Structures are given as structure tokens and as C-alpha cells.
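# Model the following, please.
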Amino acid sequence: MEAKTVSPPVGWLHTTVGRKVVMALTGLFLITFLVVHLAGNLLLLRDDGGAAFNAYAEFMSTNPFIRVLEILLFAGFVVHIYQGLYFIFRERRGRPKGYARNDASANTNIFSRTMRISALVILIFLIVHLRHFFVEHRFLGSPLTMYESCKLAFENPWYSGFYVVSMVLLAFHLAHGFYSSFQTLGLIVNRRIERVIQWAGAAFAFLVPLGFAIIPLYFLLQTF
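Got it, this is the predicted structure:
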């Protein structure tokens, strides 16, 4: 009897379903990071001259466990972005020339329709943000404390404006991504759970970007 050829499990990751699951899992992982990152950044609002935030920044840059998580976080971003680009280019290749698109507003909401532009803006923001803070302090030896760097950056209306606009686009991205991640993973099993996830996603997409946006506005308003 001829033995059947069994595809290796890793092959499933290259299927459409597998890629969507990976994208959903990495998305939820990055969502948990946003909560932790926001909790630390809110220390910037304490009236202590930056002592608490600098202590937090020092801990995050020296703790070996956190350093390992940084690698996982970077990998999560790379995989999530790669999978997103894969679906974008696959859709473009599969669309015939002269293809007339249906009225998207009749079938989708504004959050799903702006996923590409929100993803692009978030990616640009991430590159600028990492260059300005992470690279500057971790590799280039900035003479400023992390609090001083943040204060200086947020007192710049151009940077603060870019930051706030990016948070608005992040809210749009999360409003669609939060729900779709649970949907992809098959966790929406009934209408009640669907409503809970919809409300939780809406609350998360509003409160987390708002929390981030408040920080640059706080420093910018102090300059007037």
C-alpha cells in the first residue's frame, strides 16, 4: 500500500486561514502591549519632575526579562505587518484590470475601509517614535533623561500633532481589528458574546488611544 504524504504542520501557516489566524494572534498580542505601554507612559503626567517615569524607563531598559519580551514584541510587529502586506498585495493581484469596485460604504463600516491607511500611518508613527526615543537612548547614548526627551518632543506642536493624528488612526485600526481578531479565532459563538466583544472593542479603541493622546496635549498646553 502506498503511503500517504502528510503535509507538515508548518504548511498550514501559509494557507489563507493560517495567515489570518497568525495575524489575529499577533494583533491581540500587540493589543496587550498597548495596555502595558500606556500604563507606563501615564507616569509622565505625575507632578514629580519625571522621577517615576525615569525609574520605569530604567527598569524597562535593564530588566533581562523585559529585554526578551522586546524581541518577542519586535517579532510580533514584523509578522503582523508582513501578513497585512501579504493580503493587500494578494488582493491587488487578484483584481482584474478595469475592475469596478462596488460601493464599499454599503457593505462595510468606516473602520474596515480605512484599515490600510490607518496601518500605514501607524507604521510611519512607529518608525519615527522608535527612532526618536528607543534608538536615541538605547544605541546613541542621548544625554537627556527619557522624561526630558518626551517633554521636549511633546512641546513641539508638529510632533504632538502627528502623535495625536496617529492615535486617531490607531483608534480606527483597533475598532476593526479587535473584533475581527476574535471573529477569525472563532471565539464569537453566539450573539451575547458578540455584543460583549463589540462593546469591549469599542471601549478599548476609544480609551487607549485617548490615553496616549492626552500625554502630548498635556505637555503642549503647558507651553502656552
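
# Please enumerate the helices of this structure.
16-41, 51-62, 64-94, 110-113, 115-129, 136-138, 146-154, 157-184, 191-221 (DSSP state H).

# Tabulate these (CSV), appending mean neighbour count.
C-beta: built from backbone N, CA, C; applies to glycine. CSV is the format used below for the helices of the chain (neighbours: other CB atoms under 10 Å):
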stretch, mean neighbour count
helix 16-41, 16
helix 51-62, 15
helix 64-94, 13
helix 110-113, 16
helix 115-129, 16
helix 136-138, 15
helix 146-154, 18
helix 157-184, 19
helix 191-221, 16
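
# Go through the ones you listed and find the least confident stretch.
Mean pLDDT values for the helices of the chain show the minimum at helix 110-113, a mean of 86.

# Quote the end-to-end distance of stretch 185-199.
This stretch, stretch 185-199, spans 18 Å end to end (CA to CA, to the nearest Å).

# how far out from the middle of the chain is it?
Relative to its chain's centre, stretch 185-199 lies at 22 Å (CA atoms, centre = their mean, to the nearest Å).

# Same check on stretch 26-46?
Distance, stretch centre to chain centre, for stretch 26-46: 10 Å (CA atoms, centre = their mean).

# Ok, stretch 43-56 next?
Using CA atoms, centre = their mean, the offset of stretch 43-56 from its chain centre is 24 Å.

# wait, isn't Ser142 in contact with Val135?
No: applying CB atoms under 8 Å as the test, Ser142 and Val135 come out as separate, 9.4 Å apart.

# For Ile81, which residues are in contact?
Ala119, Leu123 (CB atoms under 8 Å, 6 or more residues apart in numbering).

# cool, and Arg138?
By CB under 8 Å, 6+ apart, the contact set of Arg138 is Ser61.

# measure it to Phe89 for me?
Distance, Arg138 to Phe89, using CB to CB, to the nearest Å: 33 Å.

# Kindly report the same for Lys20.
Lys20 is 15 Å from Phe89, by CB to CB.

# Please apply the same query to Phe74.
Using CB to CB, Phe74 is found at 23 Å from Phe89.

# and what of Leu120?
On the measure of CB to CB, Leu120 and Phe89 end up 14 Å apart.
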